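Q: Predicted model and sequence below, questions to follow.
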Amino acid sequence: QVHLVESGGGLVQTGGSLRLSCAASGRSFSTNGMGWFRQAPGKERELVATISRGGVTTYYADSVKGRFTISRDNAKNTVYLQMDTLKPEDTAVYYCAASNLYYSRSRASYDYWGQGTQVTVSS
């Protein structure tokens, strides 16, 4: 079992930056592929970025490529999402998730989810 707690969300103006953190506990964090997802009101939850258990392989949705950076610190059991040049369309609840696979782009393979953190970008 993996317990995930996100932090770092908030209100920011267009063009601003936020850094989300996700602290994991409960088992060996370094064996899990990790991902960030988001869900805007009235929309389905979508994949934002993923990172392999060793941090070597990453993936970004086209909508955030070049603006967001996913990283992890296995010594601290934490995964991060650095979000720069934020846009109003980035407004959503952001969720951290852990997979029992070493890396995955499929939402279905993520077994553990955090409670989410709200990100609001004002225009």
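A: Received it, and whenever you're ready, just let me know what you need. Please read all numbers here as calculations on a predicted model, not as lab measurements.

Q: where's C96 relative to T85, distance?
A: The gap separating C96 from T85 is 21 Å, by Cβ to Cβ, to the nearest Å. For the C-beta atoms, the positions are set from N, CA and C on the backbone; glycine is no exception.

Q: and G55, what does it touch?
A: With contact taken as Cβ atoms under 8 Å, 6 or more residues apart in numbering, G55 is in contact with S71, R72, N74.

Q: same question, Y60
A: V48, A49, F68, I70.

Q: just how off-centre is stretch 111-123 within its chain?
A: Offset of stretch 111-123 from its chain centre (Cα atoms, centre = their mean, to the nearest Å): 8 Å.

Q: Next, the residues that contact that stretch from outside, please.
A: 1-14, 16, 18, 20, 22, 32, 38-39, 83, 86-100.

Q: ok, now stretch 4-12?
A: The contact list for stretch 4-12 (Cβ under 8 Å, 6+ apart) reads 18-24, 86, 94-98, 112-122.

Q: Also stretch 43-50?
A: 33-39, 58-61, 64, 68-70, 81, 92, 94-95, 103-105, 107.
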